[in-house]
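**Student:** Here is my input, please return the structure:
(2 chains)
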Amino acid sequence: MDTNQEIELIKEILDGNTQMFRTIADEYGEQLFRVAMGYMHSREEAQDIVQESLIKAYNSLSSFKGDSKLSTWLYRITVNNCLNQIEKNKRRWLFGQASKEREDITEVFGSSREETPEQKMIDAETAKKVRDAIDSLPQKQKTAFILQRYQELSQQEIAQIMGTTEGAVEQLLQRGKMNLKKKLSI
Amino acid sequence: MENKQNILDEFIKQELEMKPTPFLATNVMARIEHSRHRNNIVFNFAMATSVAAALLMGIFLGKNYTNNTANDAYSLNINDTHLENLHLYNTEE
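**Tutor:** I've put the predicted structure just below:
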């Protein structure tokens, strides 16, 4: 979908043809889900985030001026929602209301292979280690890393989403990779 | 070093293999419709409440209205003789 088509589509939705929003949800749902997975590491939570993001986008569609690509705008909303949700989860955890167990992730490694219980445990531990390493990255480094690795976006697109320069994104990616290497070597 | 990279790549690959529900767009549309429906209900309720309040206010004001227009005309006691006593000043002695 090119920018003109997007603007036409948005006009139509704003004119009252709500059902046309399904086209946007169909087109971008999976892409947004991948980004949300990078932050949440849980299928359920990622799905919730994507739904919330799309509804938020629908409600503020009139504020979309077409200065950037629709996808850029949607990624931005999703990234913000993920960061807010992570903060909420942290607060919930601090108040002792244990957040739901992220079972998905413990099954990440070896889900498609036949393994012994010991091997599964090692895999789960490795997955947790990698997840913790990604989660512990500074916010901007994490965003740049996720957008690049989970969605394979160019540095230019990442810069637009993050509202920064390509040079800054390159630096963030370099630092992020270095940090991950350090954390994974422990 | 390569092993660490492999672990990371494998982790990301496995996460990316997870797919959202095929009903994601349907769920979103259902929630949007529900929200619109709820907004309509709230709007209709607010409108109905406003009309009812206006009606009740009208009835209340109508009931409390008392006709304060003075029915009794003021009676003016004008003594023409006093007014016309100018001749007193004109009296020539």
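**Student:** By average pLDDT, which secondary structure element in chain B comes out worst?
**Tutor:** The helix or strand of chain B with the poorest confidence is helix B:80-83; it has a mean of 66 (mean pLDDT, DSSP states H and E).
**Student:** ok, which stretches of chain B are helices?
**Tutor:** B:2-17, B:24-64, B:80-83, B:87-90 (DSSP state H).
**Student:** Give the helix, strand or coil label for whatever residue of chain A ends up closest to chain B.
**Tutor:** Proximity to chain B, evaluated over chain A using Cβ to the nearest Cβ, is greatest for A:Ala25 at 3.8 Å. C-beta here means a position set from N, CA and C on the backbone, and glycine is covered the same way. Here A:Ala25 is recorded as helix under DSSP: H, G, I helix; E, B strand; the rest coil.
**Student:** just to revisit the earlier point, deepest-packed of the helices of chain B, please.
**Tutor:** helix B:2-17 (a mean of 15; mean count of other Cβ atoms under 10 Å in any protein chain shown).
**Student:** near chain A, which residues of chain B?
**Tutor:** B:1, B:4, B:7-8, B:10-12, B:14-16, B:18-21, B:24-25, B:27-29, B:31-33, B:35-36 (Cβ under 8 Å from any Cβ of the partner chain).
**Student:** at 6 Å instead, please
**Tutor:** B:4, B:7, B:11-12, B:14-15, B:18, B:20, B:24-25, B:27-29, B:31-32 (Cβ under 6 Å from any Cβ of the partner chain).
**Student:** before we move on, back to that, who are the contact partners of the residue nearest to the residue of chain A closest to chain B when sequence neighbours are not counted?
**Tutor:** Using Cβ to Cβ, 6 or more residues apart in numbering or on different chains and skipping residues adjacent in sequence, the residue nearest A:Ala25 is B:Ala25, 3.8 Å away. B:Ala25 makes contact with A:Arg22, A:Ala25, A:Asp26, A:Gly29 under the criterion Cβ atoms under 6 Å, 6 or more residues apart in numbering or on different chains.
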